[in-house]
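Novice: show me the folded form of this:
(one chain, ligands or ions: 3)
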Amino acid sequence: MYKVVFVLGPPGSGKGTICAQIQENLGYVHLSAGDLLRAEREREGSQFGALIENHIRNGSIVPVEITCSLLEIAMIAREDANGFLIDGFPRNEDNLAGWKRQMGEKVNEQFVLFLSCPVDVCIDRCLHRGQGRTDDNVDSLKKRVDTYNQSTFPIIEHFEKLGMVREVNSERPVNEVYADVVKVFAAANQQ
Ligand code: ADP
Ligand code: C5P
Ligand code: MG
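Specialist: Numbers count the residues shown, from 1 in each chain. Ligands and ions are numbered 1, 2, ... in the order given. Sure thing, here's the model as predicted:
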């Protein structure tokens with residue numbers, strides 16, 4: 001059984017930043033669904049490059065069969081891991097249903113880390129991210145925020161009803177956010 005923590009929050013809430021630090025210090029392997037999709041988009045011979053780019057620019061969600069397979073392949077490659085941080089997934093009902101179908105029997109979902117941050121702060125961070133992403137522009141960000149509100153937040157609410165959500169306010173300096181995140185992991189791993 002793979003131990004899994006889902007990391008969710010609006011675009012720019014700091015998921016990648018915090019996951020990198022947890023990976024470094026707590027031995028979980030960080031898998032960003034967005035990073036895996038961008039790598040697949042760039043992979044020579046991929047039949048999904050154009051489809052992925054269309055979804056990324058439109059802030060819409062790639063069909064789960066593609067994303068979940070990329071995640072599973074990455075997990076198999078790191079079977080030695082203590083646990084996995086699945087960053088930016090599941091983002092909608094399709095993601096959640098496909099994950100349950102493909103991975104439900106193979107994983108132990110520990111909790112959901114929810115990085116909460118006001119949308120205007122998140123948009124500002126994305127516009128200054130400086131990674132040359134094709135979706136860090138005002139048009140795409142509007143669509144990404146709509147997708148977050150309409151499709152992703154209900155998934156967080158679903159996990160909340162199951163008592164699985166650990167919310168950390170990420171509208172603060174990274175070191176303060178991280179200090180609270182470490183407490184969440186410490187509590188979960190004591191159980
Ligand atoms: P996400 O993966 O949730 O989209 P990132 O971790 O890529 O977010 O962060 C988006 C941008 O905001 C990056 O430029 C990052 O350096 C910056 N950032 C992340 N966390 C914070 C924070 N707590 N305070 C200020 N800036 C942050
Ligand atoms: O998480 P990140 O900001 O890197 O995601 C960028 C884009 O990748 C999303 O806006 C979406 O188009 C795509 N994505 C997806 N399904 C996921 C995660 C990301 O389609 N589960
Ligand atoms: Mg990210």
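
Novice: biggest strand in the chain by residues?
Specialist: Longest strand of the chain, by residue count under DSSP state E: strand 107-116.

Novice: give me the pLDDT value at whichever residue of the chain sits closest to ligand 3.
Specialist: When scored by C-beta to the ion, the chain has G16 as its residue closest to ligand 3, at 3.5 Å. Every residue, glycine included, has its C-beta placed from N, CA and C. pLDDT recorded at G16 is 98.

Novice: tell me the backbone dihedrals of the residue nearest to it when sequence neighbours are not counted, please.
Specialist: Once flanking residues are discounted, G16 sits nearest to S32: 5.9 Å by C-beta to C-beta, 6 or more residues apart in numbering. Main-chain dihedrals, S32, degrees, to the nearest 10: phi -90, psi 120.

Novice: pretty sure the residue of the chain closest to ligand 3 belongs to a strand, no?
Specialist: No. Assigned with DSSP: H, G, I helix; E, B strand; the rest coil, G16 falls outside any strand and is helix.

Novice: ok, it - how many residues close by?
Specialist: Using other C-beta atoms under 10 Å, the number of residues around G16 comes to 18.

Novice: do the longest strand of the chain and ligand 2 come into contact?
Specialist: No. Strand 107-116 stays clear of ligand 2 (C-beta under 6 Å from any ligand atom), getting no nearer than 11.7 Å.

Novice: and the helix or strand following that strand, what does it pack against?
Specialist: As assigned by DSSP states H and E, the chain's next helix or strand after strand 107-116 is helix 119-127. Where contact means 3 or more C-beta pairs under 8 Å, 6 or more residues apart in numbering; DSSP states H and E, helix 119-127 is packed against helix 138-147.

Novice: quick check: angle from the helix it packs on to helix 119-127?
Specialist: Angle, helix 138-147 to helix 119-127, by axes from the mean of the first three to the mean of the last three C-alpha atoms, to 10 degrees: 130 degrees.

Novice: can you give me the buried ones in helix 138-147?
Specialist: Buried residues in helix 138-147, counting neighbours by 16 or more other C-beta atoms under 10 Å, are found at S140, L141, R144, V145, T147.

Novice: residues in contact with that helix?
Specialist: 10-11, 56-61, 91-92, 119, 122-123, 126-127, 134-135 (C-beta atoms under 8 Å, 6 or more residues apart in numbering).

Novice: which of those residues count as buried?
Specialist: 10-11, 56-57, 59, 61, 91-92, 119, 122-123, 126, 135.

Novice: ok, the residues you listed vs R101, which is closest?
Specialist: Each of those was checked against R101 using C-beta to C-beta; the closest is N92, at 14.6 Å.
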